[in-house]
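Enquirer: below are the sequence and a predicted model for it; my questions follow.
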Amino acid sequence: MKLETYFDHDSDDQIIQKRSENELTLWVNHVSYIIEESDRLAKIASNLLKESVLRDRFLIMIERAIVVSKVLSNYKKAMPNYKECDHLECDLYYINEHEKVRQEYLKIIKDNRELKEEFYTQLLK
């Protein structure tokens, strides 16, 4: 991830937009990794642990993460419009959209952690 530099001449809006973009890039990368990792863990659950229910839960996690990835991608495509905002209502719309997308991201992270915790518990039995 590149280091973002803020300048004295950047407005508050520009700083918020840059931070939002960086945050979104981080989320996209993280959700992409969840998809890859869940695929590997599903195979381990199936082949080594012989836990088809756990495997199926990882496959569902992959499907959910793909949906979240699409939400993030669609939001990322809309980000250039945010830079064109010239009034408060527009800024608030994108700030609220960012929060909605953030909540989607946090939910998949929480659910993924809980599923992995269950996986590791099964692995250690």
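Expert: It's in. Residues are numbered from 1 along each chain as shown.
Enquirer: now do the helix or strand where residue 90 lies: distance to the chain's middle.
Expert: Counting by DSSP states H and E, the element that carries residue 90 is helix 88-123. Centre-to-centre, helix 88-123 and its host chain are 6 Å apart (CA atoms, centre = their mean, to the nearest Å).
Enquirer: buried ones in that helix, by neighbour count?
Expert: 91, 94, 98, 101, 104-105, 108-109, 111-112, 115-116, 119 (16 or more other CB atoms under 10 Å). Glycine gets a C-beta too; all of them are placed from N, C-alpha and C.
Enquirer: can I get those in TSV including pLDDT and distance to residue 29?
Expert: Compiled in TSV, those are given as follows (pLDDT from 0 to 100; distance: CB to CB, whole Å):
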residue	pLDDT	distance to residue 29
91	80	26
94	85	21
98	92	17
101	96	14
104	97	15
105	98	11
108	98	13
109	98	13
111	99	18
112	99	14
115	98	20
116	98	18
119	97	22
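Enquirer: looking at the residues you listed, which is nearest residue 74?
Expert: Closest to residue 74 out of the buried residues of helix 88-123 is residue 101 (9.0 Å), distances taken as CB to CB.
Enquirer: what about that closest one, distance to residue 107?
Expert: With distances taken as CB to CB, to the nearest Å, residue 101 is found 11 Å from residue 107.
Enquirer: re the thing from before, the helix holding residue 90 packs against which elements?
Expert: Applying 3 or more CB pairs under 8 Å, 6 or more residues apart in numbering; DSSP states H and E, one finds that helix 88-123 makes contact with helix 12-47, helix 52-83.
Enquirer: that helix versus helix 12-47: what angle between them?
Expert: Using axes from the mean of the first three to the mean of the last three CA atoms, to 10 degrees, the inter-axis angle of helix 88-123 relative to helix 12-47 is 20 degrees.
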